[in-house]
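Asker: with the input below, show me the fold.
(chains A and B)
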Amino acid sequence: MDILNALVLLFNYVIVPSVAYGSQLALGALGVTLVYGTLRFANFAHGELMAFGAMITILCTWWLQSLGVSIAPLPTALLALGPAIAVTVAIVLITDRTIYRFYREKRSAPAIYIIASIGVMFVMNGLIRFIIGPGDRAFGDGQRYIIKARDFRDMTGLSEGLGIKTSQGITVLVTLFLVAALFWFLQKTRTGKSMRAYADNRDLALLSGINPERVVMYSWIITAVLATIAGALYGLDKSFKPFTYLQLLLPLFAAAIVGGIGKPVGAIVGGFVIAFSEVTITYPYKKFLTYLMPEGMQPSGLVQLLSTDYKFAVSFIILVIVLMVRPTGIMKGKTV
Amino acid sequence: MNLSANARRATLAFMLIAIMLVAVGVIQSWAVMLTIFNLCLISSIMALGVNIQWGYAGLFNVGTMGFAALGGVAAMLVSQEPVIAAWHAGGWKLLLSFVSLVLVIFLVAILYRKIKKGPLRQLAITGALVLGYFLFRAFFDPASEAIEAIDPAVAGYLGGMGLPILLSWIAGGVLAAGAAWIIGRIALGLRSDYLAIATLGISEIIIAFIKNEDWLTRGVKNVTGLKRPVPYEIDLQKTDWFINLVESLNHGTLSEFGVDDRSAMLGQMVIEASSIFVKLCYAGLFIAVLAAILALSVKALDSPWGRMMRAIRDNEVAADAMGKNVTRRHLQVFVLGSAVVGLAGAMLTTLDGQLTPGTYQPLRFTFLIWVMVIVGGSGNNLGAVLGGFLIWLVWIEAEPVGVWLIDNLTAGLGETSPVRLHLMETAQHMRVLVMGLVLLTVMRFHPEGILPEVVKREEGD
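Answerer: The predicted structure is shown next:
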């Protein structure tokens, strides 16, 4: 019984949150990696892009709610994703036309792109604060839990409960669907193949008649779709607070690089590696060990490897180790 | 761009800034103007530090915030009085925990050298690290707990060294330089975009450390009431020579009042003047530091060393082929630039009179400084100073100007219109948007900045 309790505890506080967070990171990191693969720069504005997508989703959700539209038990935000994606894609394409294309034509150094993306970051951050303000925004509705911790306890008779939030369930399902769709697109369609070719070897791809502007456009569109969904899911799961998205930048980069930048599979692996490390290292194991250890040997402290506030340090340390040991990342991405 | 055109442009730009500052003084108040001016000076020094890294050597350091925060910590550690009780409570154990940390690092280094590469080495090193971690925690946890239990409302930390705070400006530079040396050894081998991500991460970790290690910095409880290098307003208001000075300066105005009103009026004037006097003192100190650093920077960039740096920046391979040690030079310039940022960080904390770890935001302490360098002109020292002044002014004044603009633009909507209320509420965030637009515009249409880099040639230009 104690072992079961310990396992349920671990599921409730470590595994379920990590899977949800990992999925959100994976979706975000896929965007970072796609932009890196085709445009060859680390997009510092990606966190803000996710926040922007989430913001539009929230605005659409509010509008739908005010009309009385509801798809309960699912959150209305899922319906709002459609228009939000459309808006974000439009914004991203405008950004590319007005800003990044200029540097592409000049074949600028990566550093110049990054500075430009910092400019975009400022503008988006400003717009977000301007439109929705810097405070916390709740927009989840519908049924909150798939399984409530209490129901689970009553059902199984265990003393620990397992709660799974609707947002977590949706996150995982949506991620599975999106990843499958993305890989189908990259592997099977002509556009997807040309994107991969372009990312692998730009000159060769150009010689074989691939239109670079088209490839770049598709990369941005996919990035915007993924970023909007990732941002909205993250906001639905935690809560929407604009500045947390700026802090997501580091785990996102870490996920993309750890997995092997430029490689979509790597971004997904990296997302889960980072999420699981962050949660497992900052989780206090006191209660878990109390169940497992014999009486009298139970730990007195929190048994927490690192305080929760160091979770950014975790993703960063993994990043540094990977860069030193295997600079191309787990999936052999672009060489450093 | 030749030298004199640049000089003309610099004169014009600084005159413009002077006019803007005077306008702030007249429209808002002279105290506000001096507050902005002091922060302009500090921003300029930070921008000079970033310019040393990016402008001279092309190093993409996005960790300015971390180094500025280290400077702030140095200011606190140097000037605060030590908390003796806390040292008694946990000092020795804390020391032991650090000794154990050093021993573990030694052990790992020895294991790394003595055992041949393979699974055995990995196992041994992992074992040593795990063991070391628990050893460290065994000493560290009770020590930090004991320290944080001492008088938590006002202390709960080890305190500092009780030295004059001016010394901390040097200490801030040294601390930041030390951190930069370690970071540089690890990260400088990376390509520019990875270096950017790495430094961004390190700065976040430094902030997390300062926020959480209460035994050292009191964390988010802040350390307030730091020492000052300049007199206190309260003391000035009681000093005879100061009161006499204010009286003689305002002789004309005062003589219009009757005897009764006169002393009340004078008291009011003395209070106002004391605040301005303190700010002027700070400004004097900051100007001296800025002038010294600017002079050294200009000298360095004009020297053979500066030319070598630019050569490395523009073509690493060629510089390497000419026998320049690129890695060493990168490390050197990284440490130098970070030291300047650390110095500015210590100055900022001194000016604030408190260490507030919660206020370090990347947008304000890293990216804004980058905007200053790019807009001012990367590679040009005077440009960095100009950028520091200009961007800080815009950053601060965008808020009142934004509120004023929206107030006037939406006046037709009626006082209680929700759109108007929302816009008024969020008008302060205009400045972030404005910064982005400024950066993007400069990058696009004038990437060399307001004052472009000057390349002097001996002849045949």
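Asker: which strand or helix spans the closest residue to chain B within the stretch 151-300 of chain A?
Answerer: For the stretch 151-300 of chain A and chain B, the shortest gap (C-beta to the nearest C-beta) falls at A:Phe253, measuring 4.7 Å. Where you see a C-beta, it was placed from the backbone N, CA and C, and this is true even at glycine. Assigned by DSSP states H and E, A:Phe253 belongs to helix A:242-259.
Asker: run a quick neighbour tally on B:Asp235.
Answerer: Per other C-beta atoms under 10 Å in any protein chain shown, the neighbour tally for B:Asp235 reads 11.
Asker: where does pLDDT dip in the stretch 1-150 of chain B?
Answerer: In the predicted model, the stretch 1-150 of chain B carries pLDDT under 70 at residues B:1-3.
Asker: what sits against the residue of the stretch 151-300 of chain A closest to chain B?
Answerer: A:Val32, A:Ala42, A:Leu319, B:Ile197, B:Leu200, B:Gly201 (C-beta atoms under 8 Å, 6 or more residues apart in numbering or on different chains).
Asker: and the pLDDT for it?
Answerer: The model reports A:Phe253 with a pLDDT of 93.
Asker: can you check A:Arg40 too?
Answerer: On the pLDDT scale, A:Arg40 is placed at 88.
Asker: and the one 3 residues further on, by the same measure?
Answerer: According to the prediction, A:Asn43 has pLDDT 94.
Asker: looks like it contacts A:Val35 (just checking).
Answerer: Yes: the pair A:Asn43 and A:Val35 passes the contact test of C-beta atoms under 8 Å, sitting 4.7 Å apart.
Asker: before we move on, the earlier item: could the contacts of A:Phe253 go into a markdown table alongside secondary structure and neighbour count?
Answerer: Output for those, formatted as a markdown table (DSSP: H, G, I helix; E, B strand; the rest coil; neighbours: other C-beta atoms under 10 Å in any protein chain shown):
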| residue | secondary structure | neighbour count |
| --- | --- | --- |
| A:Val32 | helix | 29 |
| A:Ala42 | coil | 25 |
| A:Leu319 | helix | 25 |
| B:Ile197 | helix | 26 |
| B:Leu200 | helix | 26 |
| B:Gly201 | helix | 26 |
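Asker: which one of those is nearest B:Gly91?
Answerer: B:Gly201 (31.5 Å; C-beta to C-beta).
Asker: go ahead and confirm the closest one touches A:Leu250.
Answerer: Yes: using C-beta under 8 Å, B:Gly201 makes contact with A:Leu250 at a distance of 5.3 Å.
Asker: mutual contacts of the two, please.
Answerer: Residues touching both B:Gly201 and A:Leu250 (C-beta under 8 Å, 6+ apart): A:Phe312, A:Ser315, A:Phe316.
Asker: out of these, which sit inside helices?
Answerer: A:Phe312, A:Ser315, A:Phe316 (DSSP state H).
Asker: burial count for the closest residue to A:Asp2 other than its chain neighbours?
Answerer: Leaving aside its chain neighbours, A:Asp2 sits nearest to A:Tyr291 (4.5 Å; criterion: C-beta to C-beta, 6 or more residues apart in numbering or on different chains). Neighbourhood size, A:Tyr291 [other C-beta under 10 Å]: 19.
Asker: confirm that A:Tyr291 sits in a strand.
Answerer: No: secondary structure assignment (DSSP: H, G, I helix; E, B strand; the rest coil) places A:Tyr291 in helix, not in a strand.
Asker: give the contact list for it.
Answerer: Under the criterion of C-beta under 8 Å, 6+ apart, the neighbours of A:Tyr291 are A:Asp2, A:Ile3, A:Asn5, A:Ala6, A:Leu9.
Asker: likewise A:Trp62?
Answerer: Applying C-beta under 8 Å, 6+ apart, we find A:Trp62 in contact with A:Phe139.
Asker: show the pLDDT at it.
Answerer: 92.
Asker: for chain B, see how far away it is.
Answerer: Here the criterion is C-beta to the nearest C-beta, to the nearest Å. By it, A:Trp62 lies 13 Å from chain B.
Asker: where's that residue, which helix or strand?
Answerer: Counting by DSSP H and E, A:Trp62 is found in helix A:46-67.
Asker: quick one, that helix and helix A:242-259 angle?
Answerer: Put simply, helix A:46-67 runs at 130 degrees to helix A:242-259, going by axes from the mean of the first three to the mean of the last three C-alpha atoms, to 10 degrees.
Asker: now A:Ala72. Nearest residue, chain neighbours left out?
Answerer: A:Ala72 sits nearest to A:Gly142 (C-beta to C-beta, 6+ apart), 4.8 Å away.
Asker: swap in B:His429?
Answerer: Closest to B:His429 by C-beta to C-beta, 6+ apart is A:Arg129, at 3.6 Å.
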